[in-house]
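A.B. asks: any chance you can model this:
(chains A and B)
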Amino acid sequence: NAGVTQTPKFQVLKTGQSMTLQCAQDMNHEYMSWYRQDPGMGLRLIHYSVGAGITDQGEVPNGYNVSRSTTEDFPLRLLSAAPSQTSVYFCASSYSIWGHQPQHFGDGTRLSIL
Amino acid sequence: GESVGLHLPTLSVQEGDNSIINCAYSNSASDYFIWYKQESGKGPQFIIDIRSNMDKRQGQRVTVLLNKTVKHLSLQIAATQPGDSAVYFCAENKGNNFNKFYFGSGTKLNVKP
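C.D. replies: Okay, here's the model as predicted:
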């Protein structure tokens, strides 16, 4: 099992460009989520999904879109990148939305917006 | 280099000593807690969890203590090894939001050989 796979690992964008951060999991997990991690701060939830076709906003959703067409994939889209979106982005998944379960994280995408 | 870890409190311990990392959580309704380890350039890795109906839980070389009265969580690492050097942070799950966690900013553990 690969677990949670994120691509790309690094990306540099110019302000106004768009891009999609990919996330895939091979554990048949229902729940998937995106976080951003900034220096000195805890992980902050951007968007999450409780199953294919179902997404919802987290704590900091502005500037990001998501979709969940399959159980395995949960891409994060930046429509018009801004310098404030420079961060490390982590995708996470867990088997079920019910019950208390830890989330499994990918190794992150390090994104710089110039 | 990796920007995660800047501006974080740092705990320096000697190899072989025990480490205690602390975390204060915010919501008295939180009923599930996790400790994660994050090495440079990697994603967070699950270490141990505890539910609010417990005060203590032990794993391999790690123990988590929960004090609900003062909303405090601690992670104890026995016989700390150089491979334990990383950023450690806690996460709380606030009641009925089963999989919506809130994460602390973390403590950097530096193990001196």
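
A.B. asks: residues near the spatially closest residue to residue B:15 that is not a sequence neighbour, how many?
C.D. replies: Counting by C-beta to C-beta, 6 or more residues apart in numbering or on different chains, residue B:15 lies nearest to residue B:113, which is 5.2 Å off, once chain neighbours are set aside. The way it works is simple: take the backbone N, C-alpha and C, and place the C-beta from them, glycine included. Residue B:113 has 8 neighbours, counted by other C-beta atoms under 10 Å in any protein chain shown.

A.B. asks: does residue B:113 touch residue B:80 like I think?
C.D. replies: No: between residue B:113 and residue B:80 there is no contact under C-beta atoms under 8 Å: 10.7 Å.

A.B. asks: which residues touch residue B:71?
C.D. replies: Counting by C-beta atoms under 8 Å, 6 or more residues apart in numbering or on different chains, residue B:71 makes contact with B:24, B:25, B:26, B:27, B:28.

A.B. asks: please report how far the last one lies from residue A:26.
C.D. replies: What that stands for is residue B:28. According to C-beta to C-beta, to the nearest Å, residue B:28 and residue A:26 sit 38 Å apart.

A.B. asks: and the contacts of the least confident helix or strand in chain B by mean pLDDT?
C.D. replies: Counting by mean pLDDT, DSSP states H and E, the weakest-scoring helix or strand in chain B turns out to be strand B:101-103, with a mean of 88. Residues from elsewhere that reach strand B:101-103 (C-beta under 8 Å, 6+ apart): A:35, A:42-45, A:103, B:26-27, B:34, B:36, B:89-94.

A.B. asks: that strand pairs with which strands, parallel or anti?
C.D. replies: Strand B:101-103 has its sheet partners listed here by DSSP bridges as strand B:86-93 (antiparallel).
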